[in-house]
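Visitor: Quick one: sequence plus predicted model below, questions after.
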Amino acid sequence: MNINWYPGHMKKTKDLLQENLKLVNIVIEVIDARIPIASKNPDFDQLFRDKKRLIVLNKYDLADPNLNKVWEEYYRSMGWSVVLYNSTNNKELRKLENAIADASKEITERYRKKGIQNKTIKAMIVGIPNVGKSTLINSLARRKSAKTGNMPGVTKGKQWIHLTGNIDLLDTPGILWPKFDDEQGALHLAFTGAIKDEVLVLEEIALKFVEKMEELNKTDAILEKYQIEKGEKPLDILDNIAFKKGFIINRTEIDYLRVANLLLNDYRSGKLGLITLEKPEEQ
């Protein structure tokens, strides 16, 4: 399966990042805690190599708690600041603000030694589409500053947002990379909704998702959710979901698209349980 999605505005976004990098002190990179490898743009490490970095493991509430800790330790070992965050829960806002302040301490101290007090810290927030960047920003700004939606690629251009704590935040559109060399990573992006469903064959993506769940020994999560039997092959699971839910066309034909939408949406919303698809050793 060949999965690629790199609209023209993403090339412009990469140029925008390069142009504005000299203006910022710190880069806040938001990634999906369920897929910390696939949701981390490989271009960023080279692009931001000279900048202080804070990794936000967003949507950790949908990921395996044990693997959340493993990933947190992994990124700390890389020398980066890390915070586990749920951008849809305003109660966690203080945790994120503290993480940004801690990551900025070294920069603030440098300014203080030069006799510069209350210097505004300029941060750039980056990430691939649909990792929750805009929701996170709106929480920080305590107002609706960034456009949000459940479709990847909603944020269209850069915008500066002033935050409490003397921080100016540069929001940027979500950006993927031109070619997915790793098919498994591309599938993980498709499973979590980082690639628009409209450019995918969802029936095939759903079948691949079942295969991934078998690989992770998580098939029982699907069987229990829909109260179905496993069958002999992955396709049997999709068939059994269809029979259970009545997703049948003209009494004989299975509506695989409807099955795919149900299965993927239930995974994305956490209804199949807290599931992380990747481990650090796969990096």
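Guide: Structure's in. What do you need? Residues are numbered from 1 along each chain as shown.

Visitor: what about Gly185, how many neighbours?
Guide: The tally of other residues near Gly185 (other C-beta atoms under 10 Å) stands at 20. C-beta coordinates here come from the backbone N, C-alpha and C atoms, glycine included.

Visitor: what about it, which SS state?
Guide: Using DSSP: H, G, I helix; E, B strand; the rest coil, the secondary structure recorded for Gly185 is helix.

Visitor: nearest spatial neighbour of it, skipping sequence neighbours?
Guide: Among residues not flanking Gly185 along the chain, Ala38 sits closest, at 3.9 Å (C-beta to C-beta, 6 or more residues apart in numbering).

Visitor: and if you look at His162?
Guide: For His162, the nearest residue in space outside its immediate sequence neighbours is Asp168; the separation is 5.5 Å by C-beta to C-beta, 6+ apart.

Visitor: Just list whatever residues bridge to the one you found.
Guide: Beta bridges link Asp168 to Lys122, His162 when assigned by DSSP bridges.

Visitor: list the contacts for it?
Guide: Asp168 makes contact with 120-123, 160-162 under the criterion C-beta atoms under 8 Å, 6 or more residues apart in numbering.

Visitor: Looks to me like Asn41 is in a strand.
Guide: No: with the criterion set as three-state DSSP, the secondary structure at Asn41 is coil rather than a strand.

Visitor: is it true that it touches Ile128?
Guide: Yes: counting by C-beta atoms under 8 Å, Asn41 touches Ile128, with 5.7 Å between them.

Visitor: Those two - which one has more neighbours?
Guide: Legend: neighbour count by other C-beta under 10 Å for Asn41 and Ile128, higher for Ile128 (27 against 20).

Visitor: circling back to that earlier point, now the residue nearest to Gly185: how far from Thr192?
Guide: Note on Ala38: its distance to Thr192, by C-beta to C-beta, to the nearest Å, is 8 Å.

Visitor: what is in contact with these two at once?
Guide: With C-beta under 8 Å, 6+ apart as the test, Ala38 and Thr192 both reach Asp32.

Visitor: Can you tell me which of the contacts of Asp168 comes closest to Arg34?
Guide: Of all the contacts of Asp168, the one sitting nearest Arg34 is Ala123; the distance, using C-beta to C-beta, is 24.5 Å.

Visitor: got a pLDDT number for the closest residue to that closest one other than its chain neighbours?
Guide: Nearest-residue entry for Ala123: Ile26, 4.7 Å, with adjacent residues in sequence omitted and distances by C-beta to C-beta, 6+ apart. According to the per-residue confidence, Ile26 scores 92 in pLDDT.

Visitor: do the same with Tyr226
Guide: For Tyr226, the model assigns a pLDDT of 98.

Visitor: For it, which residues are in contact?
Guide: When contacts are counted by C-beta under 8 Å, 6+ apart, Tyr226 touches 240-241, 244-245.

Visitor: repeat that for 7 Å
Guide: Residues in contact with Tyr226, defined by C-beta atoms under 7 Å, 6 or more residues apart in numbering, are 241, 244.

Visitor: sorry, back to before: so the residue nearest to Gly185 makes contact with Leu187?
Guide: No: in terms of C-beta atoms under 7 Å, Ala38 does not count as a neighbour of Leu187; the distance is 8.2 Å.

Visitor: and of the contacts of Asp168, the nearest to Asp182?
Guide: Using C-beta to C-beta as the measure, the one of these that approaches Asp182 most closely is Ala123, at 29.4 Å.

Visitor: Against Thr88, how distant is the closest one?
Guide: In this structure, Ala123 and Thr88 are 21 Å apart, going by C-beta to C-beta.

Visitor: rewinding a little: nearest to Tyr256, of the contacts of Asp168?
Guide: In terms of C-beta to C-beta, no member of the contacts of Asp168 lies closer to Tyr256 than Ile161, at 42.6 Å.

Visitor: measure that closest one to Ala141 for me?
Guide: For Ile161, the distance to Ala141 equals 5 Å [C-beta to C-beta].

Visitor: before we move on, what about Ile205?
Guide: Between Ile205 and Ala141 the distance, using C-beta to C-beta, works out to 34 Å.

Visitor: Among the two, which residue is more densely surrounded?
Guide: When neighbours are counted by other C-beta under 10 Å, Ile205 comes out ahead of the other of Ile205 and Ala141, with 19 against 16.
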